[in-house]
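Asker: I need the structure of the sequence given here:
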Amino acid sequence: MSDYEPREIESKWQSRWAEDGRYEVDPSQSEATFVTVPYPYPSGGMHIGHARTYTVPDVWARYRRLQGDNVLFPIAWHVTGTPIVGAVERLKKREPEQMSVLQDTYNVSDEDLSEMETPMGFARHFIEDSYKKNMQSLGLSIDWRREFTTNDERYSKFITWQYETLKERGLLEKGLHPVKYCTNEQNPVTTHDLLEGEEAEFQEYTLVKFNWVADDSEITVPMATLRPETVHGVTNAYIDPDAEYVEADVDGEIWLVSESAAEKLELQAHDVEIRDRFTGERLVGEHVTNPITGDDVLVLPANFVDAENATGVVMSVPAHSPDDWVALQEAKSAGRRAAEQSSGQSPRDTDDARMEKYGIDPAEVDAIEPKAIIDVEGYGEFPAEDAVAEHGIEDSSDPALEDATQEVYNREFHSGKLGPMYGDYAGEIVEDVRDDLKEEFQEQGSFGTMHEFSEEVVCRCGGAVEVAEQDTWFLRYNDEAWKAKAHEVVAGLDAIPENTREQYDHTIDWLNEWPCIRNYGLGTRLPWDDDFVIEPLSDSTIYMAYYTIAHRISDVPVEEMDREFFDTLFYGSEAVDDPNETALSLREEWDYWYPVDYRCSANDLVSNHLTFFLFHHAELFDPANWPQGITVMGMGLLEGEKMSSSKGHVVLPENAIEKYGADTVRFFLMNSAEPWQDYDWRSDQVEGTGNQLRRFWNRANDTIAAPEGERDLQHIDRWLLSKLQATVREATDALDRFETRTASQAVFYGFEEHLKWYRKRTDTDRPGARWTLRKVLDTRLRLLAPFIPFMTAELHERLTGEPMSESTWPDPDADFESTVTEIEESLVSGLTDDIRDIVDVTNTDPVTIRVYVAADWKRKVLSAVVENGPNVGAVMGEVMQDADLREKGDDVNQLAQTLVEDVRERPDDQAEVLTNVDEVAVYDDARDFFEREFDADVEVYREGDDVPDPEDKARHATPLRPAIHLEG
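Answerer: Here you go, the predicted structure:
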């Protein structure tokens, strides 16, 4: 037996597969299966989380090959956009953090750094030296002939065709639209470009245009709110007295806003000219006029105002906002203390002195009263006051304040009725009329709008990302007909797990226009305007179709790849006047492989990439070529914490593979969680997995080295072979559903338990046992091949003399399936446990063990239960017809109830054969095992009058649960 040297074995098979072109596939008579995974974005190196992402589809691809399918599993490289460009710029500047990531995390040498100062030089380094090497080391069964990058000129022609087609169909439009905008790069960005805030959403604030008369000039003080319906309830306003503010001409009106807001407004297509700069102190203590009510409200100083958010001035509605309620109470308290201090009644306080500093009359603050404007069931006149009391909130630092505020907002929005001050809207539910009310006040000139993010957003370049409104081209995902088609795709999709189906439908419903261009970066130029590049998420929607012809298209002159070329390729000769013959030939290959059977991708891409994938397939291809299935994947942790390249908190696949072996890495990643679940890479557990595989290797080689044996089977052999068929079924069903953990657990760990019992129960040197173990090994190697391809390939060839590539996925063999045999062996196992429990509890060392099987009359009751099912009434109706049983009365009734519960818990196939089990024969057959196990004589009896029963134990026996007596 050779020692297990994983890297030696893996290198051997990696080279052999490459030399044989093992995974290079072309159309054939076999059924086509096409599985894809998002192509990597090589702005950095591959880490262990990526390894899991690409191993999941590989396991399924290998499984389907063993099932006889012709499987295509390709890969390419996504270089579109700005992240690589930004990374190169940071490299050129030798920024410390970037250098740490490159040299400390990804071990890039000084020599390699000099080759990485161009975008494609940077990308190529990580493609060749990280991703591709690791993918090959992991044994990913990829057809490498089909790789490409998204700035290849032929791929760009393919993208050009897609966008010309969408534009012609009216699904691309130009207009003013909010976009994520990097203020550093001065360029629109999308999710893939972000360092922080990937989940941030656009929020449209309503700007309530309060009026301030200063030095005989009228100045607009816009205050941002997400609740425009509360405008009648404003009692005061707040500003940060120490923050920077400006007076600016905004679209012809003079506005007072924070300096940050002025910059944002300019980004959002407003004409902004700054006239003066000052701190917020200028407005403190002043009065501004509510444009809707005409009320003058006092502006108070507040440190809690974030001048970086919206306009930097906020209105207060204390009756309906718990945080405003608390803030007003604190302001009143400060005012009262200030009044007491001025009269010498109490010591001075910093906050109190501040009121005096700004010349604010404490009596005026104290006179501010909440205004009730919305009635909502479950609250009194002032919902905010009630919510503060319910949550036990005492001051503005209480974290429960945020929950209370959201709670009031939700209840008022969905069920709150507007008060009489709202005129025609009085009595209406807020949710029903908010938009109409907002539009009406906007038309009057009293309201404006401004966009903000729901959280801070930072570009990968380190720049702040703000909402900008730009004249841009966008995809019309709000088109109802297009949405309807996308919903049709979802309806026919095998969504794994099933609960993701509603996520796709939800995303389709809320998706609006999507800006699809940017000012610069790598990628395909917008066909009708070379000043713009199609952004990353927008050029990665149907690239799966390009895989099918990527290895053959290099022979096609670029100039021939026009609109008609791709129309011919994807729509056939009838779609054009003069079909290109090469395109028709390529169409045959595309038609063979399409549609995509399964797309494996990250769960967080449901809200963008995966739904775009569905939209574009729905529009550009007919239903027969729509995606068939999507499997989503969870995120990875490292030793319980989120992985982070920038912090060096990652494991590089090359290091893990060198230390543990590729099979161990693969097996741990597939076995630790189902694909859609989060997993945690823990080195001690990975090492444990490696040790378990090593033991498997050693056992397998022992089996291979032993004489082959012959098919002379005993009961225990038949039991193990029956368990093997059940394992085949479980693994097959699981992999059909992408349940890699369930499948690998069953085949490896679950079956190891069966083998452990088998070795305990029998002499494994018997000819029948050797034959059985070889049969089991052959089957398990094929079942494990998708997970640990290197080890199984080596062992399978040693065992059979044939390569795994010529083998097939096992089918359950009905000749070896026996429910009766499995039940019989479960009785042996159960009796073993029961005896051991009694030995442990009584602390005895028995000399004789007596086993009492239930009397025949009890078996009659069991037969009635099996025949009638779990219906005690029906069972009793039958057994009471037997005079002997009728005499036993309560004993029969009690037994029937016990057996009904036992049978109910068993699968139907077991219940049907229970009466076929001869318990006495089963225990007699296992007598030698029991005697070895407990070093005692074992006697088996059927309950009756003439059996030795010194402690009256036999009467406790029930069918399938014998009574036991130990004699020391």
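Asker: so where does residue 786 fall, helix or strand?
Answerer: Residue 786 belongs to no helix or strand when elements are defined using DSSP states H and E.
Asker: for the closest residue to it other than its chain neighbours, what is the enclosing helix or strand?
Answerer: Excluding its sequence neighbours, the residue lying closest to residue 786 (Cβ to Cβ, 6 or more residues apart in numbering) is residue 62, at 3.8 Å. All C-beta atoms are positioned from the backbone trio N, CA, C, and that covers glycine. Taking DSSP H and E as the criterion, residue 62 maps to helix 48-66.
Asker: and the helix or strand following that helix, how far out from the chain's middle?
Answerer: The C-terminal neighbour of helix 48-66 among helices and strands, as given by DSSP H and E, is strand 70-72. Taking the mean of its C-alpha atoms, strand 70-72 sits 26 Å from the chain's own mean (Cα atoms, centre = their mean, to the nearest Å).
Asker: next: stretch 432-450.
Answerer: With Cα atoms, centre = their mean, you get 39 Å for stretch 432-450.
Asker: how about residues contacting it?
Answerer: 204-209, 222, 224, 228-229, 231, 261, 264-265, 268, 291-292, 310-311, 413, 418, 422, 425 (Cβ atoms under 8 Å, 6 or more residues apart in numbering).
Asker: so which of the residues you listed sit within helices?
Answerer: The helices, defined by DSSP state H, take in 261, 264-265, 413 from the contacts of stretch 432-450.
Asker: low-confidence bits of the stretch 151-300 of the chain, can you list those?
Answerer: Within the stretch 151-300 of the chain, the segments meeting pLDDT under 70 span 192.
Asker: what helix or strand is residue 584 located in?
Answerer: For residue 584, the host element (DSSP H and E) is helix 581-593.
Asker: what does that helix contact?
Answerer: 26-27, 32, 34, 72, 545, 547-549, 552-553, 555-556, 560, 565-566, 568-570, 572-573.
Asker: quick one, which of the contacts of stretch 432-450 are buried?
Answerer: Buried by 16 or more other Cβ atoms under 10 Å: 205-209, 222, 224, 228-229, 231, 261, 264-265, 268, 291-292, 310-311, 413, 418, 422, 425, out of the contacts of stretch 432-450.
Asker: helix or strand right after the least confident helix or strand in the chain by mean pLDDT?
Answerer: Sorting the helices and strands of the chain by mean pLDDT, DSSP states H and E puts helix 350-357 at the bottom, at a mean of 65. Next along the chain after helix 350-357, taking DSSP H and E as the criterion, comes helix 362-366.
Asker: what is the distance between the helix or strand just after that following helix and the centre of its chain?
Answerer: From helix 362-366 onward toward the C-terminus, using DSSP H and E, the following helix or strand is strand 374-375. Distance of strand 374-375 from its chain centroid, counting by Cα atoms, centre = their mean, is 40 Å.
Asker: counting by contacts, list what strand 374-375 packs against.
Answerer: strand 417-418 (3 or more Cβ pairs under 8 Å, 6 or more residues apart in numbering; DSSP states H and E).
Asker: quick revisit: the buried ones among the contacts of stretch 432-450 in strands, which ones?
Answerer: 205-209, 222, 224, 418 (DSSP state E).
Asker: and the strands in the stretch 501-650 of the chain?
Answerer: With DSSP state E, counting those that start in this stretch, the ranges of strands along the stretch 501-650 of the chain come out as 513-515, 517-518, 525-526, 529-534, 598-602, 629-633, 636-638, 641-642.
Asker: next: the stretch 151-300 of the chain.
Answerer: 172-182, 187-189, 194-196, 202-214, 217-225, 236-239, 244-250, 253-258, 272-279, 287-289, 296-301.
Asker: what pairs with residue 221 across the strands?
Answerer: residue 210 (DSSP bridges).
Asker: follow-up on the earlier one: out of the ones in helices among the contacts of stretch 432-450, who's nearest residue 39?
Answerer: Nearest to residue 39 among these: residue 264, at 35.1 Å, using Cβ to Cβ.
Asker: what residues are up against the closest one?
Answerer: By Cβ under 8 Å, 6+ apart, the neighbours of residue 264 are 450, 452, 466-467.
Asker: and the furthest pair within those residues?
Answerer: It's 450 and 466 that sit farthest apart of those, by Cβ to Cβ, at 11.1 Å.
Asker: any stretches of the stretch 301-450 of the chain with poor pLDDT?
Answerer: 338-339, 341-354.
Asker: recalculate using a threshold of 80.
Answerer: 335-356 (pLDDT under 80).
Asker: also the stretch 801-950 of the chain?
Answerer: The low-confidence ranges in the stretch 801-950 of the chain, as defined by pLDDT under 80, are 869-870, 879, 884, 945.
Asker: helices along that one, start to end?
Answerer: For the stretch 801-950 of the chain, the helices defined by DSSP state H, counting those that start in this stretch occupy 819-842, 856-868, 872-879, 883-888, 890-904, 908-911, 919-925, 927-934.
Asker: residue 100: which of these is closest?
Answerer: Shortest distance between residue 100 and those, using Cβ to Cβ, is found for helix 819-842: 57.0 Å.
Asker: got the buried residues for that closest one?
Answerer: Quick answer for helix 819-842 (16+ other Cβ under 10 Å): 819-825, 827-828, 831-832, 835, 839.
Asker: residue 707 - that's part of a strand, no?
Answerer: No: assigned with DSSP: H, G, I helix; E, B strand; the rest coil, residue 707 falls outside any strand and is coil.
Asker: ok, and the closest non-adjacent residue to it?
Answerer: Per Cβ to Cβ, 6+ apart, closest to residue 707 is residue 770, 6.1 Å.
Asker: distance of that neighbour from residue 249?
Answerer: 93 Å (Cβ to Cβ, to the nearest Å).
Asker: looking at the two, which is more packed in?
Answerer: Counting neighbours by other Cβ atoms under 10 Å for residue 770 and for residue 249 shows that residue 770 has the greater number, 18 against 13.
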